[in-house]
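**Student:** Requesting a structural model of the entry that follows:
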Amino acid sequence: MALALGGRARRLVSGTLVHQNGCLHKQTGSDRFQLGEAKAIRLLPRRTNMVQELGMREEFMQPNRELETNYDFLGEMRQRFLRFKRQKYLPEIEKFQALVIAQSPKVMVIGCADSRVCPSYVLGFQPGEAFTIRNVANLVTPVQNGPTETNSALEFAVTTLLVENIIVMGHSNCGGIAALMNHQNHQEQHSSLVERWVMNGKL
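**Tutor:** Numbers count the residues shown, from 1 in each chain. You can find the predicted model right below:
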């Protein structure tokens, strides 16, 4: 899945080159570019059959009804929390206690709500490093349209937390952007909430 970074995030990855294998490598000399510039981005070819490419056998594609029935989702979440507390929280308890008093992140990330693209996972943020807000299609709406969660978070990050960098983190195969591009200007009362939201991208 290809990612696109915008805003002041450009300088964080300047002087890199995207090769066909999708890896980032340092580029020396005068032929340098910034990943935030659209003309410099070469996205990977779209994977048409990821299951086949990974060599997964057909039986793994069939849902296991017995496992689905017996799977304890809440129990799994509880175990994950206890594992976090045991392996991360308690060994670094002084760090987490300091975060209780105050936060001073250097960066704000405006990301998409898509479950496949987690900013902390992709960019390796630790607790306290990034002030994050996510919405469908990572949009920032005009303030003139009224307050939104994203605008209020942006105001807080800039005026109170004094963040130094703002990253608008997009990604490929975004359903929200697809809805925006395919929208046919339906009457508002007949549009879904998603359609009405992503229309902010046309303003």
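**Student:** C-alpha only now, for contacts and for neighbours.
**Tutor:** Noted.
**Student:** Quick check: which ranges of the chain have low pLDDT?
**Tutor:** Within the chain, the ranges that satisfy pLDDT under 70 run 1-69, 184-190.
**Student:** for it, what spans make up the strands?
**Tutor:** 3-7, 16-18, 24-26, 107-112, 130-135, 165-171 (DSSP state E).
**Student:** helices or strands next to the fourth one in the packing?
**Tutor:** If you count contacts as 3 or more Cα pairs under 8 Å, 6 or more residues apart in numbering; DSSP states H and E, strand 107-112 packs onto strand 130-135, helix 149-159, strand 165-171.
**Student:** Quickly run through the sheet partners of the first one, with directions.
**Tutor:** Partner strands for strand 130-135, per DSSP bridges, with pairing direction: strand 107-112 (parallel).
**Student:** and the partner strand, C-alpha only, in CSV?
**Tutor:** In CSV, the C-alpha atoms belonging to strand 107-112 read as follows (Å, rounded to 0.1, in the frame of the first residue of the first chain):
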residue,chain,number,x,y,z
VAL,A,107,4.3,16.6,15.4
MET,A,108,0.7,16.4,14.5
VAL,A,109,-0.6,13.8,12.1
ILE,A,110,-3.9,14.1,10.2
GLY,A,111,-4.6,10.6,9.0
CYS,A,112,-7.3,8.5,7.4
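**Student:** how far off strand 165-171 does that strand point, in degrees?
**Tutor:** Strand 107-112 and strand 165-171 are oriented at 20 degrees to each other (axes from the mean of the first three to the mean of the last three Cα atoms, to 10 degrees).
**Student:** circling back to that earlier point, dump the helices and strands packed on strand 107-112 into a markdown table; add distance to residue 87 as well.
**Tutor:** Shown next, in a markdown table, are those (distance: least, Cα to Cα, whole Å):
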| stretch | distance to residue 87 |
| --- | --- |
| strand 130-135 | 22 |
| helix 149-159 | 30 |
| strand 165-171 | 29 |
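**Student:** Columns mean neighbour count and distance to residue 84 on top of these, output as JSON lines?
**Tutor:** Output for the helices and strands packed on strand 107-112, formatted as JSON lines (neighbours: other Cα atoms under 10 Å; distance: least, Cα to Cα, whole Å):
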{"stretch": "strand 130-135", "mean neighbour count": "20", "distance to residue 84": "19"}
{"stretch": "helix 149-159", "mean neighbour count": "16", "distance to residue 84": "27"}
{"stretch": "strand 165-171", "mean neighbour count": "20", "distance to residue 84": "26"}
